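Asks: Dropping a prediction and its sequence here:
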There are 2 protein chains.
Amino acid sequence: MKAEIISIGTEILFGQIVDTNSAWLAQRLPTLGIDLYYVSTVGDNQGRIVQTLRRAWERSDVIITTGGLGPTEDDLTRESIAEMLGETQRVVPELEEALRTRFARRGGPPMPERNIKQATLVPSARAIPNPRGSAPGWWTERDGHIIVSMPGVPSEMFYMWENEAAPELLSRSDGSVLLSKIIKTNGMGEALVDELLSPLLSSSNPSIGVYAKNDGIHLRLSAKAARPPEAQHMLDELEPKVNALLGDIIWGYDDETPAAAVGRLLKDRGLTLATMESCTGGLVSSLITDIAGSSTYFKGGAVTYTNAQKVAHGVHPSIIEQHGAISAECAQAMAVAIRERMSADVGISVTGVAGPDPVEGKDIGTVFIGVATADNQRVMTGGIYQRSRVDIKSRAATNSLLFLRRVLLGLE
Amino acid sequence: MKAEIISIGTEILFGQIVDTNSAWLAQRLPTLGIDLYYVSTVGDNQGRIVQTLRRAWERSDVIITTGGLGPTEDDLTRESIAEMLGETQRVVPELEEALRTRFARRGGPPMPERNIKQATLVPSARAIPNPRGSAPGWWTERDGHIIVSMPGVPSEMFYMWENEAAPELLSRSDGSVLLSKIIKTNGMGEALVDELLSPLLSSSNPSIGVYAKNDGIHLRLSAKAARPPEAQHMLDELEPKVNALLGDIIWGYDDETPAAAVGRLLKDRGLTLATMESCTGGLVSSLITDIAGSSTYFKGGAVTYTNAQKVAHGVHPSIIEQHGAISAECAQAMAVAIRERMSADVGISVTGVAGPDPVEGKDIGTVFIGVATADNQRVMTGGIYQRSRVDIKSRAATNSLLFLRRVLLGLE
């Protein structure tokens, strides 16, 4: 089955709302054995929505739309589908009843009459239930083509997709799928990873793609098969071969972040962590605490933006006097001090220059990362060649977490 | 002029790279008097790229493509334009020379021969210089249609757009433009903002759009005119009227963040700030330090994820014993303590439940924000109804910064 995605909404067209729905859907289609060929965005204009739908109808088996199902005059997805198919929208009593009940149950003002359009269908469409919002989706099917229309609100769309649209589409597919798994590595360049993997790279199914990312080199393992279990079996056979070739440089899988990988490692070993950050300004601790359950291993952190604060948190003034705050010595002292102050098993520190101006004669992007454990102290010195302050912070925080992982594993 | 944007790349189609280029471009087109009607994404497949270009060529005056200009076999933008126009790509000696010089200057291995395609043009195209990368863009023009092809790497694309493509497109336009300004408010609901602005909302040019966002109600002031200075004049006349009606609830403009607005206020008043965070885990201090120049007013922060750390940073144990760590009393004590500990003029604190489990019998999303100044202490109690831990952290951090602003202005 060939599919395309259409995002509908002027605010999305003009980038005032970032369209995260299309990427979310795009990643899920291959697991249903559906090939995605196009993604488009069109504003709230009926003529242009109809034109886009018509084109999609000509070239695709499945059209997935998000947005344009609200109650206002700007919400034109239903009207556009009706126009393209030459069918007439009619109010469906059961849908109207459900809509009015929803309004009544919320105890607010009665349903505005314009909302009634959310209770309509055309003859080729049936409603897709939306327990998280007022607008049902439309499943429209005619002449071998399917249009799946879902709301633009991500939480409503995710629910409708997972519970209604995806199972229905899967039941229509011939069972063949493309399954993928991402393996994330760090500490080795792309050329070296390529070389290590060379015995496996010539295979076209399953296949391995190699990509350079901000947090290291990622591998995409993909397997095509006539049935999902077969594809899964191919991935399951390939993965240990990759592991055997790459070993410890693998730090995570699929959506896993460096903070999640570090958290897993700390939890496994029963270790606690404390942070002292200068140039990252709290980003390292924020990433650590993005992970559910981090309170079991994260003791806390200090954001010591001034030298006085570094000293107040246990860095000896002589270190800063002799070496400056942007130095390997200061990074090491920060990691040691915060580990002690917060009675943690592991201390991690970041000090550097995020810009916009050099500090202590050190270039923008200079970063020192310190890690202290009971029996080990390590410092990583790095130059981060990013253009913006926010990018430098982000890269320094990612590097610090991956460095921490390597120190804990004895790889540094 | 009618325009559309085409993003080219399989990784973008499948959401493995988020397409930020399209939104960036979409926001800039109206200022050149160009109407944007469609945005599409297509993978690295020449047949489908050609089909997409052909369709765009039929319906648009200007087609902007990003991506597909690299040296590999998957980079097919040049080949697709050549095929669509029925023209032949030829190596241009000056471009080849520049490309080889670039490789030589970098001192690495000599240029791989496959890179030579980056030095080609078709008869209807001329090169757009790319000082930030190896691939020049293509400016293709025939029969009254223009294709502007730029690399997918954002920094290269931004530079090429600002310095080459935008000025050239502006010189072709009839001078009419649509200029916009965003005004951001906080502390008043959409209905009330609508009501206050009602004397201005009936105008269609300039116009005011009202949008509910995570950090408050945003207004989009837009003005269409035959010449940029006229449109600017309309905006300049409208803005003071909006200011007069809304006053202090306005906290920022255009791309400004809550952290930038708070930073401006602290700087203006010569005040310093310190943070103590529990559930936001360092996100508040990270947002504050995203702003260049924040080192002049930000003293530092503590991420006190455990009760022991809250006490170590000056919260009296009896407060936690009597009221719990998730309480207005604790938030207030945290703000007071960190202000003193870090010798800052202002202390701000956040304590709450980010999930996944309730804490101390308090629901997920319960958040208390404290602000302490020399002569004022305020606590905000909030329930944040978001689904994910990361969303709760983000909303709590935004709320804390906007609450701090309101306290400093005497609005709380």
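Replies: Structure's in. What do you need? Numbers count the residues shown, from 1 in each chain, chains lettered A, B, ... in the order given.
Asks: A:Ser7 is in contact with A:Ile64, correct?
Replies: No: between A:Ile64 and A:Ser7 there is no contact under Cβ atoms under 8 Å: 9.5 Å. In short, each C-beta sits where N, CA and C put it, glycine included.
Asks: Could you report the pLDDT at the residue nearest in space to the middle of chain A?
Replies: The centroid of chain A falls nearest to A:Asp255 when counting by Cα atoms, centre = their mean (6.5 Å). In this model, A:Asp255 is scored at 90, pLDDT.
Asks: Is it correct that it falls within a helix?
Replies: No: remark: A:Asp255 does not belong to a helix; assigned using DSSP: H, G, I helix; E, B strand; the rest coil, it is coil.
Asks: Let me see the contact set for it.
Replies: Applying Cβ atoms under 8 Å, 6 or more residues apart in numbering or on different chains to A:Asp255 gives no contacts.
Asks: Ok, A:Thr185 next?
Replies: Contacts of A:Thr185 were listed using Cβ under 8 Å, 6+ apart, and they are A:193, A:216-219, A:246, A:249-251.
Asks: Please work out how many residues are found near the residue lying closest to it once chain neighbours are set aside.
Replies: Leaving aside its chain neighbours, A:Thr185 sits nearest to A:Ile249 (4.4 Å; criterion: Cβ to Cβ, 6 or more residues apart in numbering or on different chains). A:Ile249 has 20 neighbouring residues, counting by other Cβ atoms under 10 Å in any protein chain shown.
Asks: can you check A:Ala191 too?
Replies: Residues near A:Ala191, counting by other Cβ under 10 Å, number 10.
Asks: Quick check: which element contains it?
Replies: According to DSSP states H and E, A:Ala191 maps onto helix A:190-201.
Asks: May I have that helix exported as PDB, CA atoms only?
Replies: Extracted C-alpha coordinates of helix A:190-201, given in PDB (Å, rounded to 0.1, in the frame of the first residue of the first chain):
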ATOM      1  CA  GLU A 190      31.900   7.100  11.300                       C
ATOM      2  CA  ALA A 191      34.700   5.600   9.200                       C
ATOM      3  CA  LEU A 192      35.900   3.300  12.000                       C
ATOM      4  CA  VAL A 193      32.400   2.100  12.700                       C
ATOM      5  CA  ASP A 194      31.900   1.500   9.000                       C
ATOM      6  CA  GLU A 195      35.100  -0.500   8.900                       C
ATOM      7  CA  LEU A 196      34.200  -2.600  11.900                       C
ATOM      8  CA  LEU A 197      30.800  -3.300  10.500                       C
ATOM      9  CA  SER A 198      32.000  -4.100   7.000                       C
ATOM     10  CA  PRO A 199      31.300  -7.800   7.200                       C
ATOM     11  CA  LEU A 200      27.600  -6.900   7.700                       C
ATOM     12  CA  LEU A 201      27.200  -3.900   5.400                       C
END
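Asks: Same question for the helix or strand following that helix: list its buried residues.
Replies: Going down the chain from helix A:190-201, the next helix or strand is strand A:207-213, by DSSP H and E. Going by neighbour count (16 or more other Cβ atoms under 10 Å in any protein chain shown), the buried part of strand A:207-213 is A:207-208.
Asks: Contact partners for the residue nearest to A:Thr185?
Replies: Counting by Cβ under 8 Å, 6+ apart, A:Ile249 has contacts A:185-188, A:193, A:216.
Asks: please redo it, this time with the cut-off set to 6 Å
Replies: A:Ile249 makes contact with A:185, A:187-188, according to Cβ atoms under 6 Å, 6 or more residues apart in numbering or on different chains.
Asks: closest to chain B among those residues?
Replies: Of all the contacts of A:Ile249, chain B sits closest to A:Thr185, with 16.2 Å by Cβ to the nearest Cβ.
Asks: Next, the closest one: phi, psi?
Replies: With angles defined as degrees, to the nearest 10, A:Thr185 sits at phi -120, psi 160.
Asks: per-residue confidence at it?
Replies: In the predicted model, A:Thr185 carries a pLDDT score of 96.
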